[in-house]
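Q: A predicted structure for the sequence below; I have some questions about it.
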Amino acid sequence: MTPTPDADRSNANAEPVTFADLGLRPELLSALTGLGYEEPTPVQRETIPPLIAGRDLLGQAATGTGKTAAFALPLLQRLGAGPRGKRPVALVLVPTRELAIQVSEAVHRYGREIGARVLPIYGGQPIGRQLSALDRGIDVVVATPGRALDHIGRGTLPLDGLEVVVLDEADEMLDMGFAEDIEAILLSTPAGRQTVLFSATMPARIDGIARRHLRNPVRIHMGREQVDPGQAPLVRQMAYVVPRAFKTATLGRILDVESPAAAIVFCRTRDEVDQIAGTLNGRGYRAEALHGGMTQEQRDRVMARLRAGTADLLVATDVAARGLDIEQLTHVVNYEVPSAPDSYVHRIGRVGRAGREGVAITLVEPREHRMLKTIERVTKQKITVEKVPTTADLRSRRLELTRAALEESILEDDLEGFRVVVETLADKFDVMEVALAAVKLAHEASGVVADDEEIPEVTSSAGRDGREARGDKGPGSRPPRPPRGSGAGMTRLFVGAGRSAGIRPQDIVGAIAGETRLSGRDIGAIEIADRFTLVEVPEAAADEVVAALKASTIKGKKATVRRAHEDR
């Protein structure tokens, strides 16, 4: 059945079909079989037939639903079997260099048997190489908007032969400021072209582009796969409410318990990325940092290590991680609650793919609890609030990993060479004592990090009506301020310098650690406003810190320092 315009396909319940049922040419079917594809995903089932039929399409689908093949296979279907001209038949616009490479590689794999000529075009690559390839002749160009517009302006990317234009991750391109570039490119393409637009979210700006540039499009909306009652969803979503001073410790503990095969930890700032990556490496993880302050060469090295499996954790900012597609990814961690529900949707769309379960974890400060409720309301998905694992939970998990490693060794390894050691010890000691000693050594040799610090439990949580669940006296009362930073034993100081003076968290930490006996680990939450800063320090050292900061400077300037009023 051909989808109709404005049809919501999120609950499509089609009978099992194969790629052959979708009308693809034999060469494409052969390529898919060789790549191990067995049956189309829901988005491919709904998208491929109308695209082969020449319809425009507006699709809402998250990363990982199979949308690259959904638009790539129909555009490859258009390519003739014999010699083809030099001008491109299809243009795919994507937000980032990484996604351009990934989509280009996918189109090349699918179109290998028909000799499809594919070229990724993006910034940071020598333009001479791109010019040479375009001059030889290309069928499909996959480009970032800025570099595509550059080639169009030079006259090196002819568009008069275009039959298909695809906008992939259109909302990301708009968020990155490519709106004018996209409009200019679309206005330069033939009026009779087929236009395909995919986006994870559908803000009003996307709808505006669709109205201006798509002709009576088929509309599809692919939500996350529905599961039968009692079955686990593909993405297990959870949150941990923790004081800010304990967030990094909580992150390490959660990763220890979850043991992800590969994970992305999203942070807001470059400094935070570097600090957390360093902490996780110190904890024994193979973590890589990725942010906008890195050169393209550094980014390429990070991605090469991830794809080679020599790194298992990526700590990144949203902008730096755009367009990344890590196939083995199992976990996404939000170090802070994303500022917008759309950002949350993009992040968790990276896991729970190809039938594998994924995990989305969000660390929530007490004051951010309502932001979490907003995400739940907008996404219509429940985020379970879990208790932070205790040190006992952590020890239990590590012992379980040791037990599993020993069991695997018993089943798989040749242990005969060690029998003489056991028999010799058994003459002097009970066999159980020998086994206990061996387990202890194996456990300690695993390189686990000691973690005996208990993380305080935050007892307040938002109730169904948005008020605090505990201590709420009703609509006319204000709930008590939740504990911040390290909670008990901490006090907050006021520093009369803030964002307008160029103050950063590291400036505050450096000033305190450099002038007092405190270390950076002793300092709690730091909140920087435009004209002042609030910082938490241990109550016992508060007077010392106030006196030291009054006698020194922060970024070369004197600043007012005093205890903060809690009722400010």
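A: Good, I have the coordinates. Numbering: from 1, shown residues only.
Q: Quick check: next helix or strand after the lowest-mean-pLDDT helix or strand in the chain?
A: Ranked by mean pLDDT, DSSP states H and E, the weakest helix or strand in the chain is helix 318-321, scoring a mean of 70. Using DSSP states H and E, the helix or strand that follows helix 318-321 towards the C-terminus is strand 331-334.
Q: pretty sure Arg504 is touching Arg270, no?
A: No: counting by C-beta atoms under 8 Å, Arg270 is not a contact partner of Arg504; they are 10.8 Å apart. Any C-beta I mention is one placed from the backbone N, CA and C, and that applies to glycine too.
Q: These two: which is more packed in?
A: The residue with more neighbours, out of Arg504 and Arg270, is Arg270; 18 against 15, by other C-beta atoms under 10 Å.
Q: For the nearest residue to the more buried one once chain neighbours are set aside, report the pLDDT, please.
A: Among residues not flanking Arg270 along the chain, His291 sits closest, at 4.3 Å (C-beta to C-beta, 6 or more residues apart in numbering). Model confidence at His291, given as pLDDT, is 84.
Q: List the contacts of the residue nearest the centre of the chain.
A: Geometric centre of the chain, nearest residue: Arg347, 4.1 Å, by C-alpha atoms, centre = their mean. Contacts for Arg347 (C-beta atoms under 8 Å, 6 or more residues apart in numbering) come out as 264, 266, 318, 332, 334, 338, 360.
Q: where does the stretch 401-550 of the chain have low pLDDT?
A: Residues of the stretch 401-550 of the chain that meet the criterion pLDDT under 70 lie in 446-454, 457-488, 530.
Q: where along it do the strands fall?
A: 490-495, 526-528, 533-538 (DSSP state E, counting those that start in this stretch).
Q: In JSON lines, list these along with distance to Lys86 and mean neighbour count.
A: Supplementary listing: those in JSON lines, determined by distance: least, C-beta to C-beta, whole Å; neighbours: other C-beta atoms under 10 Å:
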{"stretch": "strand 490-495", "distance to Lys86": "64", "mean neighbour count": "20"}
{"stretch": "strand 526-528", "distance to Lys86": "56", "mean neighbour count": "19"}
{"stretch": "strand 533-538", "distance to Lys86": "61", "mean neighbour count": "22"}
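Q: Reformat those strands as TSV; add distance to Thr379.
A: Formatted as TSV, these follow (distance: least, C-beta to C-beta, whole Å):
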stretch	distance to Thr379
strand 490-495	34
strand 526-528	28
strand 533-538	32
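Q: Thought Ala321 was touching the residue nearest to Arg270, still the case?
A: No: between His291 and Ala321 there is no contact under C-beta under 8 Å: 9.1 Å.
Q: Give the residues shared as contacts by the two.
A: The contact lists of His291 and Ala321 share no entry, where a contact means C-beta under 8 Å, 6+ apart.
Q: Can you give me the domain boundaries for this structure?
A: Split into domains by automatic domain parsing, the chain comes to 20-222, 392-445, 490-563.
Q: Any idea what the residue nearest to Tyr335 when sequence neighbours are not counted is bridged to?
A: Nearest non-adjacent residue to Tyr335, counting by C-beta to C-beta, 6+ apart: Cys267, 4.8 Å away. The partner list for Cys267 in beta bridges (DSSP bridges) reads Thr317.
Q: residues contacting Cys267?
A: Residues near Cys267 by C-beta under 8 Å, 6+ apart: 273, 276, 315-317, 335-336.
Q: Which one (most neighbours) among those residues?
A: Neighbour max across the contacts of Cys267 (other C-beta under 10 Å) = Val315, 30 neighbours.
Q: Any idea how many residues pack against Arg563?
A: Other residues close to Arg563 by other C-beta under 10 Å number 14.
Q: Identify the bridge partners of it.
A: As for beta bridges, Arg563 partners with Leu493 under DSSP bridges.
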